[in-house]
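Chemist: from the sequence below, what's the structure:
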Amino acid sequence: MEAVSNQFLEFHPNHGTNISLNHSGTQATRIESFANGVCFSKYPLKPGEIFLIEIEEKELGWCGHLRIGLTARDPKSLEVIPEYSIPDLMALGDSWVFAITRNHNKVIEEAEVPEAGEGGLGVGQRLGHREEEDAVQEDEDNNKKPKTFFTDTHLYIDTVRIPRDKLVGRSRPGRFSHILDDLYKTNALPPTARRSRIGVLYVPKSRDTADMHIVINGEDMGASAKGIPSTKPLYAVVDVFAATNLLLADAVQENHSKAHCPQDGYRLAPAA
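Modeler: Residues are numbered from 1 along each chain as shown. As a prediction, this is how the structure comes out:
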């Protein structure tokens, strides 16, 4: 199944009070303070359709994590947008959101994952600090990254295939742009780097359930949430934390946000 791309992606007009959208709805900018930066896709996603954003601008001197995921709650039905996606939106139920950190985005598959009817949704386990170090060492020692990551023109997630060129960030033209472009292509930069592209989609697993996948610079992070009920419309969720400007990849324009403490801030937008 080719990734769905027949509708122009936009942010929903109902969003957190600290977010400003541009006139086309393709750029989300945090205008002040922290919190109240939750945004949604304007329309529910179709199976295999990726909601892809690009970190357009960053500002040093902030801490926290961009968060992304899915919700079965129609944004226009929310009289008050939750202050945070985690835990506020998730506490309402029917939402699956994860923080995008510098190193711990990969999901380790459990041997057995409970179905939705067996005491809750199965969720992959994020890499812990020790596990992350072991995984990195294994990659370095044994060259475990699949060779196809560097040669395939498409990313394959089960039956879904997405052109990798769409998924990978690009630097602005400049003296070292060719070096930066190679780093984006190999996903060697932190996911929080400027021009990084982060996407979320769901892949049908049965007639009524799906798995949620997060993709960073062309690399699938695995099934972050399993057994999501797919009988309801599913909207993308982006929590613009720290000083960030986001663009939707299908538009690549401008967005940003704010919070405080020493680390990085971002600016987001839909990717093209």
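Chemist: which residues in this protein form helices?
Modeler: 90-91, 129-142, 148-151, 164-167, 177-185 (DSSP state H).
Chemist: pick out the shakiest of those helices, pLDDT-wise.
Modeler: Note on the helices of the chain: lowest mean pLDDT is at helix 129-142, with a mean of 46.
Chemist: pLDDT-wise, which helix or strand of this protein ranks last?
Modeler: helix 129-142 (a mean of 46; mean pLDDT, DSSP states H and E).
Chemist: isn't residue 196 up against residue 219?
Modeler: No: counting by C-beta atoms under 8 Å, residue 219 is not a contact partner of residue 196; they are 11.0 Å apart. Every residue, glycine included, has its C-beta placed from N, CA and C.
Chemist: looking at those two, which one has more neighbours?
Modeler: residue 196 (24 against 19; other C-beta atoms under 10 Å).
Chemist: what about that one, distance to residue 222?
Modeler: Using C-beta to C-beta, to the nearest Å, residue 196 is found at 18 Å from residue 222.
Chemist: could you do residue 197 as well?
Modeler: Distance from residue 197 to residue 222, by C-beta to C-beta: 17 Å.
Chemist: looking at the two, which is more packed in?
Modeler: When residue 197 and residue 222 are compared for neighbours, residue 197 comes out ahead with 26 against 20, by other C-beta under 10 Å.
Chemist: pLDDT score assigned to the closest residue to residue 233 other than its chain neighbours?
Modeler: The shortest distance from residue 233 to any non-neighbouring residue, by C-beta to C-beta, 6 or more residues apart in numbering, is to residue 44 (3.4 Å). What the model reports as pLDDT for residue 44 is 97.
Chemist: quick one: neighbours of residue 44, just the number.
Modeler: 17.
Chemist: next one: the one 10 residues further on
Modeler: By other C-beta under 10 Å, 29 other residues sit near residue 54.
Chemist: what of residue 13?
Modeler: 11.
Chemist: contact partners for it?
Modeler: 21, 25, 42 (C-beta atoms under 8 Å, 6 or more residues apart in numbering).
Chemist: again with residue 156
Modeler: Counting by C-beta under 8 Å, 6+ apart, residue 156 has no contacts.
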